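Student: coords below, sequence missing:
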Ligand code: HEM
Ligand SMILES: [Cu+2]
């Protein structure tokens, strides 16, 4: 226990969650959601660096600078698999909910902690165990299936490392389910007095919808992954045609989870964006209900569209058509959100600090990602684009341009609350310019490559694709540089940043009504809520 | 239609070798225009607000607007209508892509495997290929493929025809196309299938239909020579994805003029390429690594019979 209980000029004590107990052990055994959030931050950031290393390797190889291929075909395929698996299962899925969500959700609700603090800590360790299992496949028995593990390639034609990777993903799935459960119960049970369901911040609505998906969809993935393990070790023959199984069945199972998972990745990002846009427009969010309910609508419909990944898999034409039309319905709540955010800026008073720049970057990139999604949802069009670089560009625009931009914006936004210090705004802006520019240089050419017909997961390609690939590689280095600047800005902020006030952005939600950083149990007196979350009158 | 030619972006699409390709590109052009318009409305509108409502002084106040039912109805309803239109348009094309016409001029059974395609015609003509033997089809007439796979899932993708279909083990799927003009069109494998996924290419060669008929009915001449058999194996094992036949440099050394040439190795030694050297290089390539190349070739020991190796050697000898 720290002994520093000095009074500050605001009249509260300097005792906060960061100095509430010191030493590594106090962190490792902490039940404080804020500390657990930060531990996820450190973990996810490390994994992101590893995933980024593989990404740069992939891109460098594909640039074909120099006469020799940089990687052998097998190494390339492994890089591609690790990159995808790490980024999806260990960065984008846990990034916002487990890190930002854990930190922010209870404070925004006016609660002392999540409903089950011990379970929260357990979820973290389960995540670590899963990540370690998956990583062991990287060291002992590498996998080259791609992150989608399609059978029978994964079960019949490649190394047993698949089992490790799949068990890792399986384990991390539990962490995801438990966190979701914790958030749902917390949202229902621990809201501050006066906080009715239509007064909870939109970030919470987003996390809540995400949690529903996590709870319902992740078990399907878990079972599917177990089946792969069973198939590979026991030869049960569910997916293997040689044993009477159906390889396409695996794809149904896989996408039945993984399509909703795409929304596990993007819904929390939408929550962050809703917070940022109101805070930096200093204006009440436009259409609170529409945004809140569209999150729930997206969560619901996301379960019915998995077959749009399988238009050319041999499923019936009719099935393809049905999946196509349902997919179009998801476009509507997505469009609603964009319109609402933009209307929020209308007649606001907008400022452009680093978090807002990331929010605006999100709007720009996510719009492109979303619009190209409509191309892919249209069956006749998708037959040409499926499994080409058009798809690679599309999902990077959504997942990296969307989720990662929101994550970065969220970090800069809540940073003062987390560490009681500000990050350098200039650092944030420079990293934004680099990431935003680099991103477009990297991924826009990939739309063109896809239209030209270049398939994805290619170790080598036709000469006419060379120039665009080289441009793309140059862009990837800009992104890398941008993240480096971001990392430096954050580390500098943690140790040397200016002291932050309690509410540096003048935002309205509850986390800004407590000190920066908050005390161990978030508030010294339980707040009472009397109005909606964004009452900028 | 003329307005679609306003969009240079359609020129990024491969050549339009079928009627359906034209229809797909029309939808594509429409989608690009519609996306551009939507993008300008959304991001242009946003940018305009950002400039107009930029905060200039500290005591500025924002308007208090919480929602507007009419606007919200409009921007839900209009996108819905547009998207239903796009859905319908895509569906019409999809059904054409998926429904072969009644009069099929050629029906070919295509079997995928790691990393080659086999195509068998109705009269028993059969080819293995991974780049050298094109799939011959009649131009101006419909061809139907019946696809399957021996091992993992592959996918038969012809960019110029805007069509693709997975080849799934234990299952038959189908694909049809009607190339308008004689010509050669590239085929990619687009379902990830392992090490040489990107090397698994073939060509479709459309020839005038009278020529096709003549070719189709022509007898195969004589028995296969060892070099012919070697050629088939060379294709089947996807050797061509790393070794060129024309002297160009890809992953591994070219086969052109290899036999009898002088080989320099990474460890400094050298030797003349004779039958024994070829045999060793095929079975255990890592025994001697040619200077300047990665040790990337798989081990074929145990996978090729002695006769296979002999045939391969004969074939390599024939590539002068
Ligand atoms: C520096 C930034 C990045 C670069 C340059 C990059 C580049 C690439 C490349 C070249 C591929 C291989 C495409 C193929 O051969 O099929 C790929 C695949 C992929 N990337 Fe990224 N990427 C980046 C960041 C991310 C992030 C942050 C995510 C997080 C979601 C991500 C998710 C994926 C996924 C899911 C795949 C698919 C892997 C597969 O096809 O199996 N990427 N990326
Ligand atoms: Cu293949």
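Tutor: Great, that's in hand. Predicted model, so just to flag it, every value in this text is computed and none were measured. Ligands and ions are numbered 1, 2, ... in the order given.

Student: surely residue B:150 meets residue B:110?
Tutor: No. Between residue B:150 and residue B:110 there is no contact under CB atoms under 8 Å: 11.3 Å. (C-beta placed from N, C-alpha, C; glycine too.)

Student: so which of those two has more stuff around it?
Tutor: Taking neighbours as other CB atoms under 10 Å in any protein chain shown, residue B:150 and residue B:110 compare with residue B:110 leading, 23 against 13.

Student: so who does the more buried one touch?
Tutor: Residues near residue B:110 by CB atoms under 8 Å, 6 or more residues apart in numbering or on different chains: B:117, B:118, B:119, B:120, B:135, B:145, B:146, B:147, B:148, B:156, B:167.

Student: where helices are concerned, which of those residues count?
Tutor: Counting by DSSP state H, no part of the contacts of residue B:110 is found in helices.

Student: chain center to stretch A:177-186: distance?
Tutor: Relative to its chain's centre, stretch A:177-186 lies at 17 Å (CA atoms, centre = their mean, to the nearest Å).

Student: burial measure for the residue in the stretch 151-300 of chain A that chain B sits nearest to, as a count.
Tutor: Closest approach between the stretch 151-300 of chain A and chain B, counting by CB to the nearest CB: residue A:241, at 2.5 Å. As a burial measure, residue A:241 scores 21 neighbours (other CB under 10 Å).

Student: distance of it relative to residue B:153?
Tutor: For residue A:241, the distance to residue B:153 equals 10 Å [CB to CB, to the nearest Å].

Student: cool, residue A:434 as well?
Tutor: With CB to CB as the criterion, residue A:434 and residue B:153 are 39 Å apart.

Student: okay, the closest residue to residue A:236 other than its chain neighbours: pLDDT?
Tutor: Of all residues beyond its chain neighbours, the one nearest residue A:236 is residue A:230 (5.0 Å), with distances taken as CB to CB, 6 or more residues apart in numbering or on different chains. Here, the pLDDT recorded for residue A:230 equals 87.

Student: packing partners for the strand or helix carrying residue A:230?
Tutor: Using DSSP states H and E, residue A:230 maps to helix A:202-234. Using 3 or more CB pairs under 8 Å, 6 or more residues apart in numbering or on different chains; DSSP states H and E as the contact test, the elements touching helix A:202-234 are helix A:102-109, helix A:153-156, helix A:161-189, helix A:247-281, helix A:288-301.

Student: and residue A:213, what's its pLDDT?
Tutor: At residue A:213, pLDDT is 91.

Student: and it, what does it touch?
Tutor: Per CB under 8 Å, 6+ apart, neighbours of residue A:213: A:180, A:260, A:261, A:263, A:264, A:267, A:299, A:302, A:303.

Student: what does residue A:334 give?
Tutor: Contacts of residue A:334 (CB under 8 Å, 6+ apart): A:294, A:298, A:370.

Student: burial of residue 54, as a residue count?
Tutor: Unless you meant another one, I'm taking chain A. Residues near residue A:54, counting by other CB under 10 Å: 20.

Student: you looked at the wrong chain, it should be chain B
Tutor: Per other CB under 10 Å, the neighbour tally for residue B:54 reads 14.

Student: go on, residue A:18?
Tutor: 19.

Student: up against ligand 1, what does chain A have?
Tutor: Neighbours of ligand 1 within chain A, by CB under 6 Å from any ligand atom: A:52, A:55, A:58-59, A:80, A:83-84, A:87-88, A:91-92, A:146-148, A:392, A:396, A:399-400, A:404, A:442, A:456-458, A:476, A:479-480.

Student: which among these end up buried?
Tutor: Using 16 or more other CB atoms under 10 Å in any protein chain shown as the burial test, these include A:52, A:55, A:58-59, A:80, A:83-84, A:87-88, A:91-92, A:146-148, A:392, A:396, A:399-400, A:404, A:442, A:456-458, A:476, A:479-480 as buried.

Student: ranges for the helices of the stretch 1-150 of chain B?
Tutor: Residue ranges of the helices in the stretch 1-150 of chain B, as given by DSSP state H, counting those that start in this stretch, are B:19-39, B:45-52, B:69-98.

Student: out of those, which one sits most buried?
Tutor: Highest mean neighbour count among these (mean count of other CB atoms under 10 Å in any protein chain shown): helix B:19-39, with a mean of 18.

Student: settle it for me: which of residue A:434 and residue B:153 has more neighbours?
Tutor: Between residue A:434 and residue B:153, residue B:153 has the larger neighbour count (other CB under 10 Å), namely 26 against 20.

Student: skipping its backbone neighbours, what lies nearest the more buried one in space?
Tutor: residue B:191 is the one closest to residue B:153 (CB to CB, 6+ apart), at 4.8 Å.

Student: okay, now the unreliable bits of chain A?
Tutor: Low-confidence segments of chain A, defined by pLDDT under 70: A:1-13.

Student: got the domain boundaries for chain B?
Tutor: B:17-50+B:66-96, B:104-215, B:224-316 (the TED database).

Student: can you check which of these gets nearest to residue A:68?
Tutor: Evaluated over the domains of chain B, closeness to residue A:68 peaks at domain B:224-316, with 6.8 Å, by CB to CB.

Student: in chain B, what residue spans correspond to strands?
Tutor: All strands of chain B, identified by DSSP state E, fall at B:104-113, B:116-121, B:126-129, B:135-138, B:142-149, B:154-158, B:163-167, B:173-177, B:183-189, B:202-207, B:262-264, B:270-272.

Student: quick revisit: of the contacts of residue A:213, closest to ligand 1?
Tutor: Of all the contacts of residue A:213, ligand 1 sits closest to residue A:261, with 10.6 Å by CB to the nearest ligand atom.

Student: ok, residue A:188 - how many residues close by?
Tutor: Neighbours of residue A:188 under the rule other CB under 10 Å: 11.

Student: interface residues of the stretch 101-250 of chain A facing chain B?
Tutor: Contacts of the stretch 101-250 of chain A with chain B, taken as CB under 8 Å from any CB of the partner chain, map to A:144-146, A:150, A:152-153, A:156-158, A:241-242, A:245-248.

Student: show me which of those residues are buried.
Tutor: Buried members of those, scored by 16+ other CB under 10 Å, are A:144-146, A:150, A:152-153, A:156-158, A:241, A:245-248.

Student: now distance to residue A:467 too, for these, in TSV please.
Tutor: Formatted as TSV, these follow (distance: CB to CB, whole Å):
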residue	distance to residue A:467
A:144	28
A:145	30
A:146	26
A:150	31
A:152	37
A:153	31
A:156	38
A:157	34
A:158	33
A:241	41
A:245	44
A:246	42
A:247	37
A:248	37
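
Student: picking up where we left off before, now for the helices of the stretch 1-150 of chain B, which one comes closest to ligand 2?
Tutor: helix B:69-98 (20.4 Å; CB to the ion).

Student: what is the rounded mean pLDDT of the closest one?
Tutor: 95.

Student: that helix vs strand B:163-167, what angle?
Tutor: 70 degrees (axes from the mean of the first three to the mean of the last three CA atoms, to 10 degrees).

Student: which strands or helices does helix B:69-98 pack on?
Tutor: Packed against helix B:69-98, as judged by 3+ CB pairs under 8 Å, 6+ apart, are the following elements: helix A:317-345, helix A:354-377, helix A:379-385, helix B:19-39.

Student: tell me how far it lies from the chain's centre.
Tutor: 30 Å.

Student: contacting residues around the closest residue to residue A:34 other than its chain neighbours?
Tutor: Among residues not flanking residue A:34 along the chain, residue A:17 sits closest, at 5.0 Å (CB to CB, 6+ apart). Residue A:17 makes contact with A:32, A:34, A:35, A:517, A:518, A:519, A:520, according to CB under 8 Å, 6+ apart.

Student: who wins for neighbours among these?
Tutor: residue A:32 (26 neighbours).

Student: in contact with that residue, which residues?
Tutor: Shown in contact with residue A:32 (CB under 8 Å, 6+ apart): A:17, A:20, A:113, A:117, A:520.

Student: just to revisit the earlier point, rank the strands of chain B by pLDDT, which is bottom?
Tutor: Taking the mean pLDDT of the strands of chain B, strand B:126-129 comes last: a mean of 79.

Student: that one pairs with which strands?
Tutor: Partners of strand B:126-129 in the sheet, by DSSP bridges, are strand B:116-121 (antiparallel).
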